[in-house]
Each structure stands twice: as structure tokens, then as C-alpha cells.
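Engineer: let me see the structure of the following:
(4 chains)
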Number of protein chains: 2
Amino acid sequence: MTAGADDERIALLRFVERFALTLREAGLAPMPARVLAYALADDADRYTAGDLARGLGVSPAAISGAVRYLVQVGFFVREREPGTRSDLYVLDDEDLWSRFVSAEMTSLDRFVQEIDRGIAALGVDRPGGRRLAETRDFMAFLRAEMADVIARWPAERNRLAAGRTEAAPAG
Amino acid sequence: MTAGADDERIALLRFVERFALTLREAGLAPMPARVLAYALADDADRYTAGDLARGLGVSPAAISGAVRYLVQVGFFVREREPGTRSDLYVLDDEDLWSRFVSAEMTSLDRFVQEIDRGIAALGVDRPGGRRLAETRDFMAFLRAEMADVIARWPAERNRLAAGRTEAAPAG
DNA sequence: AACACTGTTCACAAGTTCGTGAAAGATGCG
DNA sequence: CGCATCTTTCACGAACTTGTGAACAGTGTT
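Structural biologist: This is a model prediction of the structure:
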């Protein structure tokens, strides 16, 4: 059965690479993307930096920067067991993906801000100015709507979970 | 007044660079970002490749790839005036930013798809599998909600426009 | 039919990003 | 107090990206 475990690890790493690619397209750097994908898909609920390095087969140095970023952005929470010399990284399960969208919202805020500056400098009473103003309005609209959507997620999540537990043991 | 026109051009290019930076953070490549920012902020409603090259002060070669990308993604529409030897690039004004979000939705679709593959390969009946399943659900939820949001934009846009024309001449 | 003008393709140089290995820095243990 | 273990920092090499200049191709004009 050792070969089976190896196969599973290979399958896991294959998925990690694929999913990391998707995360990169969404804006993450390569190594943070891999680490996040690995921490999501593997079964542990907390990882040391060494776990991640060995699990992914990359150098500890590469992990260091990646986890710093992931903690800063809010995907990971850093923990420390007393009498232990390594930090533990835990997926911030509850609102992991809400944070993901929150980052997008920050980006939208930046859009609005930059365009406002542009309009102030260039004037709104020209074709270009009107296009900028409309772009601004769209970004502001989108930002507000996204906030609503995020707020609705916990309820939807519970609804889905309820549906699953209902179907599985009863049906 | 020639100095004034120069100043305006400098201010415009300054804005273009700033805004392009924001667009790059949202995933666009540098040159497409500049071209899009320039086409939005300047006053013409259609541009030849030469216009864009001269306006931005970059080589025609750089424009070529940028407009091809922008047309492909749907930001620009290519037009041709009969008896003319250059294509005209027009901002696809109406649903310019809806397209922008549609691209995001495609990206979300890809998320769902990749995770489904992962779950199929790795199994859902483990901690990692459950995390993947929840991630999948969130992405699917977000995708559906985004579609709603886009659908609401035209109405909101009209509402905003009505508010403005009401306030300006009447008030 | 040759020309003038516009846009595209290609190879290259400059700059940037990425991950590694080696060295240094913490921190608990004997 | 020194050791062992784990992590972080740093400099480097490889790979990739970006924009340019030059040659090429297409198209209307003379």
C-alpha cells in the first residue's frame, strides 16, 4: 500500500500545480499560490513551514516568503504551541474566501480613487472625462454589490450545508 | 496656448500611467493597460494604431500586440472606413465594463472546474476534500451573484444618468 | 507599375521575477 | 552553556517579460 500512498501524493501535487495556476491568474504569486492550494487540499489542519516545504518538495526559503504573504493577506493565521520552536500556519477557514473577495474590493476602491484623481486633473466635461466618470460609477457600483454578496455568503453556506446533512443520513 | 495643450497632454499621460498601473494589478499586461487607459481618457471616440502610438509615445510595434489583445478580450471593436488603409479601434462603450467582469466570471468558472477535477481525483471524504468542496461552492455562488450584479448595472446606470441630467439643467 | 504610407512580425537587449543554496538567526533541550 | 532543530535572509543564476528597431507585407494613390 506504500505505492498507493505515493500515487496519492503525486495526484495531490498534480492538483496543487493546476489549482495554483488558476490562483495565479487571479493575482497570486506562484509560491503563495502553491502553498495555499496545498494547505487547502491536504488533510492536516495546521502546518509548520517545514511541513509545507517537504510536502511541496521546495526549499524552506521559498516557503518563508510565501507564508509571510499569506498571513498578511489573511489566508493563514499564525499560531504557536507553547514549548515549540516553529510557528503553525492554519487556514483561516471561516471567512477564507470572503477575504479573497475583500482584496478585490480593495482593488476596486483603488480604481475609484485613481479615476477621481484623473477626473479632477483632466476635467469631466469632455468625451474622455465622461467615459472616466462612467467607469468610476461602475466600479463604485460593483464594489457596493460585492459587499452585499459577501454578506449573503454565510447564509447561503449554511443552506448548502443543511441540504447536504439532510440528504446524506436521512435519504 | 500651445504650452497649455502641452500641459494637458502631460497631465493626460501621467493619469494614463497611474491608471494603467491599477489595470495591471487587475491582471492586464502593461501595454494593453496603457492603451486602454489612453483610449478611455482621451477625447477621440476612435483611434488608429498610429494615433495610439503617437499619443502614448511608444513604438507602433508595441501597439500592434496590445490592440490585438484588447480586441480579443472585447474592450475594443475593430472598424474599417471604406477607402482607408488603417483599422479604427473603438471602445465598445456600452458594455465595456460588463465585459471586464465577464472575464472575472470566466475565471470563476475555471476555479469551479479545476476544483471539481481535484475532488474527483482526491476524494471529498477527507478534511482537504471538504475544504475543496466548500471552496467550490463559494466560487459557484460568487459566479452566480456576479451575473446578477452585471444584469442590474444597465438600470443603475440609467438611474445615475437621470439623476445627473435632472440636477444639472433643472436645479 | 512604382510609390508612399500604415501596420505587423521578428530577433534582440534590458529589466524583472522566481526559487535555490549557503549563511546567519532564533529557540528549546541536554 | 553549547547543541540541535527549524526558519529567515541574502546573493545569485535561470527563466520569463517587455518594448524597441529593422525588415517585411498589404493597400490605396499617382
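
Engineer: surely A:Trp153 meets B:Met139?
Structural biologist: No. Between A:Trp153 and B:Met139 there is no contact under Cβ atoms under 8 Å: 11.1 Å. All C-beta spots, glycine's among them, are computed from the backbone N, C-alpha and C.

Engineer: quick check: neighbours shared by these two?
Structural biologist: Common contacts of A:Trp153 and B:Met139 (Cβ atoms under 8 Å, 6 or more residues apart in numbering or on different chains): A:Trp97.

Engineer: more neighbours: which of these two?
Structural biologist: B:Met139 (22 against 18; other Cβ atoms under 10 Å in any protein chain shown).

Engineer: tell me the pLDDT of that one.
Structural biologist: Predicted confidence (pLDDT) for B:Met139: 96.

Engineer: quick check: closest non-adjacent residue to it.
Structural biologist: In this structure, B:Met139 finds its nearest non-sequential neighbour in B:Phe111, 4.3 Å apart by Cβ to Cβ, 6 or more residues apart in numbering or on different chains.

Engineer: the one you found sits in which helix or strand?
Structural biologist: Using DSSP states H and E, B:Phe111 maps to helix B:96-122.

Engineer: and for A:Ala155?
Structural biologist: Take DSSP H and E as the rule and A:Ala155 turns out to sit in helix A:127-165.

Engineer: with A:Arg14 instead?
Structural biologist: helix A:2-25.

Engineer: that helix: what's the following helix or strand?
Structural biologist: Trace forward from helix A:2-25 with DSSP H and E and the next one is helix A:30-41.

Engineer: looking at chain A, which helix or strand does the model trust least?
Structural biologist: Using mean pLDDT, DSSP states H and E, helix A:2-25 stands out as the lowest-scoring helix or strand of chain A, at a mean of 89.

Engineer: helices and strands around it, which ones?
Structural biologist: Judged by 3 or more Cβ pairs under 8 Å, 6 or more residues apart in numbering or on different chains; DSSP states H and E, helix A:2-25 is in contact with helix A:30-41, helix B:96-122.

Engineer: any bit of that helix sitting next to DNA strand C?
Structural biologist: No. Figure legend: helix A:2-25 not in contact with DNA strand C (Cβ under 7 Å from any atom of the strand); closest approach 7.9 Å.

Engineer: could you export that helix as CSV, CA atoms only?
Structural biologist: The C-alpha atoms that make up helix A:2-25 are tabulated as CSV, following Å, rounded to 0.1, in the frame of the first residue of the first chain:
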residue,chain,number,x,y,z
THR,A,2,3.0,2.2,0.1
ALA,A,3,2.8,2.7,-3.7
GLY,A,4,-0.9,3.7,-3.2
ALA,A,5,0.2,6.5,-0.8
ASP,A,6,2.8,7.6,-3.3
ASP,A,7,0.2,7.7,-6.0
GLU,A,8,-2.0,9.8,-3.8
ARG,A,9,0.8,12.3,-3.1
ILE,A,10,1.5,12.5,-6.8
ALA,A,11,-2.2,13.1,-7.5
LEU,A,12,-2.2,15.8,-4.8
LEU,A,13,0.8,17.6,-6.2
ARG,A,14,-0.6,17.5,-9.6
PHE,A,15,-3.8,19.1,-8.4
VAL,A,16,-1.8,21.6,-6.5
GLU,A,17,0.0,22.7,-9.6
ARG,A,18,-3.2,23.0,-11.6
PHE,A,19,-5.1,24.9,-9.0
ALA,A,20,-2.1,27.1,-8.2
LEU,A,21,-2.1,28.1,-11.8
THR,A,22,-5.7,29.3,-11.5
LEU,A,23,-4.9,31.1,-8.4
ARG,A,24,-2.0,32.8,-10.2
GLU,A,25,-4.3,34.0,-12.9
